[in-house]
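**Q** Quick one, what's the 3D model for this:
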Amino acid sequence: MKTLQRSRFHPAVLTYLVLLVLSAVAGGLVHPVPHAAADEGINNLPLAHVADIPLPGRATRLDYESYDPDRHLLFIAHLGDGEVIVVDVNASSVIGRIPDVSSVHGLLAIPGMSRIYASATGTDEIVAIDEATLKIVARMPGGHYPDGMAYAPDVHKLYASDETGGTETVVDVQSNQRVATIPLGGEVGNTQYDSQSHHIFVSVQTRNELVEIDPTIDRIVARHALPGAQQNHGLLIDSPDRLAFVACQGNHKLLVFDMGARRVVQSFDIGKDPDVLAFDPALGRLYVAGEAGIVSIFSVKGSNVTKIGEGRLGPNAHVVAIDPATHHAFFPLKNVDGHPVLRVMAPR
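**A** Purely as a prediction, here's the structure:
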């Protein structure tokens, strides 16, 4: 066996080899960060690439995700495979797959109930999943093409956007029964709960409106026009700052809606086909993820909203969730080198 010369190995190379061996021993749970991925527009974003966590299944569409900070579990809708993927973010590994959730779009974890709800668009159902066992415990009618969801804790009700049916489906989470269907008069985008007014707000994307629902009576109490909106789909409410953020897919705009004055106060150009929004309250950072892979990041300080970065994060990076403890941002990507991955980013 030929003896290697000491001078052929720089200390940095030896360190890299040791890390590769350790990664293999650990089971290869986390992919090393490739230079190509790390350079995909990250220079324009105040983010650092932490890791790519391999996800199971085919390289098909991934949709909404929801994070349970109590259990450190991230639930990801693998729409193309009709299942929910469960990731332990502390261990950086997949710990479960929940099948038979056809064309799953929306996901919402309710930690206090140890329950996850999923919208199974393929069967037009709302599916209840036990978070401890990762088993399906109930199925409810979800209208036609159920999508995003919100939870009103005061009344123990779940609200699901019935996108093409033009309604809001209301589910009593204590009985897992559909208790109301609210006509909205147009194609429905996302749904959010405002903890200050205790009302549900829904984007009606073919009317360029934000509809306000009182969950105690399950009726529309106001319709708010959104000047400058075209196909307002994405929605996030920052209740403490009394702001709502509306992502418009028709003209690639982010609207800032003053929840007190009930009017649009700012508008920003963002990446093409914006979809999911996420907010890190401690850092005051808003993330807007788009179908074209462009992520826009904003600083939110009270009523002061400014864009602080925008760039391409990865293919189809249209979904984002935040861990409020570590401030990590999670972007499920359907196809990186032929496989789905969860791209983990850290603020910088």
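**Q** any idea how far residue 299 is from residue 284?
**A** 6 Å (CB to CB, to the nearest Å). Where C-beta positions appear, they are placed from N, C-alpha and C, glycine not excepted.
**Q** got a list of what residue 226 touches?
**A** Taking CB atoms under 8 Å, 6 or more residues apart in numbering as the criterion, residue 226 is in contact with 208, 209, 210, 232, 246, 255, 257, 264.
**Q** Identify, from those residues, the entry nearest to residue 61.
**A** residue 232 (21.9 Å; CB to CB).
**Q** Hmm, that closest one is touching residue 189, no?
**A** Yes - Residue 232 is in contact with residue 189 according to CB atoms under 8 Å; the separation is 5.9 Å.
**Q** list the residues that contact both of these two?
**A** Counting by CB under 8 Å, 6+ apart, the residues touching both residue 232 and residue 189 are 203, 204, 205.
**Q** Could I get the pLDDT score of the last one?
**A** According to the predicted model, the pLDDT of residue 205 comes to 96.
**Q** Any figure for the gap between it and residue 323?
**A** Applying CB to CB, the value for residue 205 to residue 323 is 29 Å.
**Q** and what of the first one?
**A** In this structure, residue 203 and residue 323 are separated by 26 Å, where distance is defined by CB to CB.
**Q** For the two, indicate the residue with more neighbours.
**A** Comparing residue 203 with residue 323 by other CB atoms under 10 Å, the one with more neighbours is residue 203, at 30 against 18.
**Q** For the more buried one, list the residues it contacts.
**A** Applying CB under 8 Å, 6+ apart to residue 203 gives the contacts 188, 189, 190, 191, 209, 210, 211, 232, 233, 234, 235, 246.
**Q** and it, what element?
**A** Using DSSP states H and E, residue 203 falls within strand 199-204.
**Q** Now whatever helix or strand comes next after that strand: average pLDDT?
**A** As assigned by DSSP H and E, the chain's next helix or strand after strand 199-204 is strand 209-214. For strand 209-214, mean pLDDT is 98.
**Q** Repeat that for stretch 61-73.
**A** Stretch 61-73 comes out with an average pLDDT of 97.
**Q** now swap in stretch 302-318 and tell me
**A** For stretch 302-318, the per-residue pLDDT averages 96.
**Q** Low-confidence stretches in the stretch 1-150 of the chain?
**A** Scanning the stretch 1-150 of the chain for pLDDT under 70 picks out 1-43.
**Q** what about 50?
**A** Judged by pLDDT under 50, the stretch 1-150 of the chain has its weakly predicted residues at 1-29, 32-39.
**Q** Show me where it has its strands.
**A** For the stretch 1-150 of the chain, the strands defined by DSSP state E, counting those that start in this stretch occupy 47-54, 65-68, 73-78, 83-88, 93-98, 104-110, 115-120, 125-130, 135-141, 146-152.
**Q** Make JSON lines out of those strands and add distance to residue 161.
**A** Formatted as JSON lines, these follow (distance: least, CB to CB, whole Å):
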{"stretch": "strand 47-54", "distance to residue 161": "29"}
{"stretch": "strand 65-68", "distance to residue 161": "15"}
{"stretch": "strand 73-78", "distance to residue 161": "14"}
{"stretch": "strand 83-88", "distance to residue 161": "18"}
{"stretch": "strand 93-98", "distance to residue 161": "21"}
{"stretch": "strand 104-110", "distance to residue 161": "8"}
{"stretch": "strand 115-120", "distance to residue 161": "8"}
{"stretch": "strand 125-130", "distance to residue 161": "11"}
{"stretch": "strand 135-141", "distance to residue 161": "14"}
{"stretch": "strand 146-152", "distance to residue 161": "5"}
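**Q** Closest to residue 51 out of the contacts of residue 226?
**A** Closest approach to residue 51 among those (CB to CB): residue 246, at 31.7 Å.
**Q** And the helix or strand containing the closest one, what does it pack against?
**A** If you go by DSSP H and E, residue 246 is part of strand 243-248. When contacts are defined as 3 or more CB pairs under 8 Å, 6 or more residues apart in numbering; DSSP states H and E, strand 243-248 sits against strand 232-238, strand 253-258, strand 274-280, strand 285-290.
**Q** Determine how far stretch 53-64 lies from the middle of the whole chain.
**A** 14 Å (CA atoms, centre = their mean, to the nearest Å).
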